[in-house]
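In: can't give you the sequence, but here's the structure:
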Ligand code: MTE
Ligand code: HPA
Ligand code: MOS
């Protein structure tokens, strides 16, 4: 059980929902099917359906377009091209970058790029019409891979800074030469489809005087508002965007919901009818970007006892055809090249390759997993070469006391919980005993081998684009004492609304049932940031708290008067739906009595709240700064079993100890840890994005693209939240949780390497590709078994 925090008075019936287990506010509705998504909204009269005609070529000139035959079909209302856009033909998310036309003009840069938009009375009619639209292309040479882009020097320039982004400390070249052990090589991590259960969808309806209202499945309603306004040539006051909830986002709806919303709005403008666009799975997978694949070349120097003395690494990500968020994602990859390890001499550099692929985008971890993977591969190889337990090599390299607590970009790792997590998890998971047992098992089992690994994670919390770290809230109390909560964050299943409702109920001292979280809307809370960077609770929570504090202070004098302590409002406490004065428990008021009295006394019962993260910033030119408000930490022990005959594996047991500070709602956080971990295992072991020689996506549906299913969850899954670990200067001592646990899954790779290595002689350096699919594992087993030449 979670203790009642000290800030809550213990009478009468004082009970705050904060820091206590609780249900997800939509959990029952998710399971019964009653939760409403964009497609569940009642269809407005005259609703038309939109359909994207996408480029079938990775790179081509568009030489002819003719929609006359399509338009002659009854029920087809419009076929829209670039020239039909009244405002800016651009939906690129980064200010100052205009490299992403909503509809292609004379050139297409990837398969799936939108060329035309068909608007008709049904989806079937749309498809029929689309087949009649005549488009002629002149195919151009395409660049499809990072390797090709490097060869041809095709990189996406940073909009404001020189390429590459370099972060450097000390003298890595000299330290490498002096190092007794050298680990050099290359590695790749692959793409990952977001596979949110609800695909991209938007509905646009015209209002009076040329205004437009949208329902969009987006993590970033304010950006959808901005892009729609720009495309239509309107002021943002003419555009309202509402988000009921998403059936998952995972970063895939941070920027890439906007084009579909803009197309729906454009079509509504052109036809004067409401328009909805909802992609089917194959369209969604073909037309939207994925997690960035990364290539890295590294050169590392170790001492004989496994201390990482120097690291140089060169990273190139596959940005796809346009900027999108690729540079911010690359930055986060470089910031996480250290993970939990102190790198005395280091240089990391990164560039974004331009390829003729859909533009890759945010995905849980936002480059962090890709950066971290490199240093973890380096450590795994060193441990294998030196015949040391990789967990011990990791421990020897943890951040230590100052000055060995300085990251390569100069931020101090404060409140480092990694040593504590390491010690507690090693004991609770019985790592040492199990590792010994596994070595015994492996010695006696020829075709089945097991592996175990320990994976620590440190993840920086804050948008690295510092100004984005702001949020707002608008809290409304009605005279009957019930509350509507508006905040700038969106709900994608992660439980943000549950947490915000809990914070609000705690601040006002009312039961959670009296607080209703409203759908996110740009006319309630303006100028919001995306719900991203795991910062939803941190930022919006503070804003909600601020708004509630204003309201509480306004109500206090009203309650004080009724409680006969007029002139001493500070003595009034709001808790458990009551207002009272501690020590004067004979007289209590219901919250409703107070709000009715406040209304009668002409006291305003609505307020806004605002928060911005203090004291963060980063200088890209010097590669120094404090980009993060704090770090989240975690650790995982992962045990796997590998078949040397088929390359298949099972995850036998996972123990996680994760740091969420003082959890706002521990049940929600635990769900995030479980889901994040499994999604990470998917990225690293079974989800493989494949294209053919022409750039066509071969894995465009669940029959060829495999995400983890229930049966792929760890057979024995033990998730614990680090106790007694409040964080300073955050919402009620909590920490962000959305992304960090994904990276714990790198432990599965290390465990697989342990098992695969057991097929070979001692000190086998495992060569395992990512993702570690059965094919990749089988190849690695065969290489391990082959006698060294
Ligand atoms: N959990 C669920 N169920 N669905 C999601 O789409 N997105 C993840 C994470 N957890 C996601 C999720 C990502 S990428 C982020 S950045 C955070 O949730 C965003 O929400 P938060 O800031 O409120 O944690
Ligand atoms: N994380 C997620 N989304 C972002 C970030 C970030 O650090 N910066 C800009 N968008
Ligand atoms: Mo999450 S990748 O920051 O939306």
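Out: Cool, got the structure. It should be emphasised that the depicted structure is a prediction, and the values quoted were computed from it without experimental measurement. Ligands and ions are numbered 1, 2, ... in the order given.

In: pLDDT value on residue 714, please?
Out: pLDDT, the model's per-residue confidence, is 98 for residue 714.

In: now the closest residue in space to it that isn't next to it in sequence, what's its secondary structure?
Out: With sequence-adjacent residues excluded and distances taken as CB to CB, 6 or more residues apart in numbering, residue 714 is closest to residue 654, at 4.0 Å. Yep, even glycine has a C-beta here, placed from its N, CA and C like the rest. Per DSSP: H, G, I helix; E, B strand; the rest coil, the local secondary structure of residue 654 is strand.

In: With residue 264 instead?
Out: Once three-state DSSP is applied, residue 264 turns out helix.

In: Isn't it up against residue 215?
Out: No - under the criterion of CB atoms under 8 Å, residue 264 makes no contact with residue 215, lying 9.2 Å away.

In: Tell me which residue in the stretch 401-550 of the chain sits closest to ligand 2.
Out: Closest contact between the stretch 401-550 of the chain and ligand 2, by CB to the nearest ligand atom, is at residue 533 (3.4 Å).

In: Contacts only, for that residue.
Out: 366, 461-464, 468, 736, 739 (CB atoms under 8 Å, 6 or more residues apart in numbering).

In: try residue 497
Out: By CB under 8 Å, 6+ apart, the neighbours of residue 497 are 25-26, 245, 489, 491, 517.

In: Need the max-distance pair from the contacts of residue 533.
Out: The most widely separated members of the contacts of residue 533 are 468 and 739, with 15.2 Å between them, by CB to CB.

In: With neighbour numbers in mind, choose between these two.
Out: Shown here are residue 468 and residue 739; by other CB atoms under 10 Å, residue 739 has more neighbours (29 against 19).

In: Show the pLDDT at the more buried one.
Out: Taking residue 739 on its own, its pLDDT is 99.

In: Is it in contact with residue 536, as I believe?
Out: No - assessed by CB under 8 Å, residue 739 is found out of contact with residue 536, at 10.8 Å.

In: Check the average confidence over stretch 331-347, would you?
Out: With pLDDT averaged residue by residue, stretch 331-347 scores 98.

In: Does ligand 2 have contacts with that stretch?
Out: Yes - counting by CB under 6 Å from any ligand atom, ligand 2 is contacted by stretch 331-347 at residue 332.

In: Quick check: chain neighbours aside, which residue is closest to residue 608?
Out: Spatial nearest neighbour of residue 608, chain neighbours left out: residue 474 (5.0 Å); criterion: CB to CB, 6+ apart.

In: make that residue 686, sorry
Out: Per CB to CB, 6+ apart, closest to residue 686 is residue 706, 4.7 Å.

In: ok, that neighbour touching residue 690?
Out: No - the criterion here is CB under 8 Å, and residue 706 misses it with residue 690 at 11.4 Å.

In: who's more crowded, the two?
Out: residue 706 (16 against 13).

In: ok, now which ones touch the more buried one?
Out: Counting by CB under 8 Å, 6+ apart, residue 706 has contacts 686-688.

In: Can I have the buried ones of those residues as a ChimeraX selection?
Out: In ChimeraX, a selection of the buried entries from the contacts of residue 706 looks like this (16 or more other CB atoms under 10 Å):
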select :686,687,688
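
In: Closest to residue 160 out of the contacts of residue 706?
Out: Within the contacts of residue 706, proximity to residue 160 (CB to CB) peaks at residue 687, which comes in at 33.5 Å.

In: isn't that closest one right up against residue 771?
Out: Yes - between residue 687 and residue 771 there is a contact at 6.2 Å, judged by CB under 8 Å.

In: List the contacts of the closest residue to ligand 2 within the stretch 201-350 of the chain.
Out: In the stretch 201-350 of the chain, the residue that lies nearest ligand 2 is residue 328 (4.1 Å; CB to the nearest ligand atom). By CB under 8 Å, 6+ apart, the contact set of residue 328 is 366-367, 464-465.

In: can you check residue 616 too?
Out: Here residue 616 is in contact with 462, 466, 469, 625-629 (CB under 8 Å, 6+ apart).

In: just checking, the residue of the stretch 201-350 of the chain closest to ligand 2 is part of a helix?
Out: Yes - the assignment for residue 328 (three-state DSSP) places it in a helix.

In: if I look at it, how far off is residue 531?
Out: 16 Å (CB to CB, to the nearest Å).

In: go on, residue 44?
Out: Distance from residue 44 to residue 531, by CB to CB: 26 Å.

In: Looking at the two, which is more packed in?
Out: The residue with more neighbours, out of residue 44 and residue 531, is residue 531; 31 against 15, by other CB under 10 Å.

In: Settle this for me: that one is touching residue 496, isn't it.
Out: Yes - the criterion here is CB under 8 Å, and residue 531 meets it with residue 496 at 6.6 Å.

In: which neighbours do the two share?
Out: 489-490.

In: contacting residues for residue 625?
Out: 409-411, 616-619.

In: Scan those residues and report the most crowded one.
Out: Among these, the one with the most neighbours (other CB under 10 Å) is residue 409, at 25 neighbours.

In: ok but that residue is inside a strand, no?
Out: No - under three-state DSSP, residue 409 sits outside any strand and is assigned coil.

In: nearest residue to the closest residue to ligand 3 within the stretch 451-600 of the chain other than its sequence neighbours?
Out: As assessed by CB to the nearest ligand atom, ligand 3 sits closest to residue 532 within the stretch 451-600 of the chain, at 3.3 Å. Spatial nearest neighbour of residue 532, chain neighbours left out: residue 254 (5.0 Å); criterion: CB to CB, 6+ apart.

In: What is the burial count for that neighbour?
Out: 25.

In: Can you pull out the low-pLDDT segments for the protein?
Out: 1-14, 788-789 (pLDDT under 70).

In: Give me every residue in it lying close to ligand 1.
Out: Close to ligand 1, as judged by CB under 6 Å from any ligand atom, the chain has residues 248-251, 364, 489, 492-494, 496, 531-537, 672, 675, 738-739.

In: any idea how far the residue of the stretch 551-700 of the chain found nearest ligand 2 lies from residue 358?
Out: With CB to the nearest ligand atom, the shortest gap between the stretch 551-700 of the chain and ligand 2 falls at residue 627, namely 8.3 Å. Here the criterion is CB to CB. By it, residue 627 lies 28 Å from residue 358.

In: next one: residue 683
Out: Here residue 683 is placed at a distance of 18 Å from residue 358 (CB to CB).

In: Quick one: residues contacting residue 550.
Out: Residue 550 neighbours (CB under 8 Å, 6+ apart): 607, 609.

In: re earlier: looking at residue 264 and residue 215, which one has more neighbours?
Out: residue 264 (30 against 26).

In: List the contacts of that one.
Out: 50, 202-204, 214, 275-277.

In: swap the cut-off to 10 Å and go again
Out: Residues in contact with residue 264 (CB atoms under 10 Å, 6 or more residues apart in numbering) are 48-50, 117, 119, 201-205, 212, 214-216, 228, 274-278.

In: In helices, which of those fall?
Out: Here DSSP state H is the test, and these give residue 228 as lying in helices.

In: Quick check: nearest residue in space to whatever residue is furthest in space from the centre of the chain, chain neighbours excluded?
Out: Most distant from the centre of the chain: residue 564, at 50.8 Å, with distances by CA atoms, centre = their mean. Distances taken as CB to CB, 6+ apart put residue 587 closest to residue 564, at 7.2 Å, once the chain neighbours are dropped.
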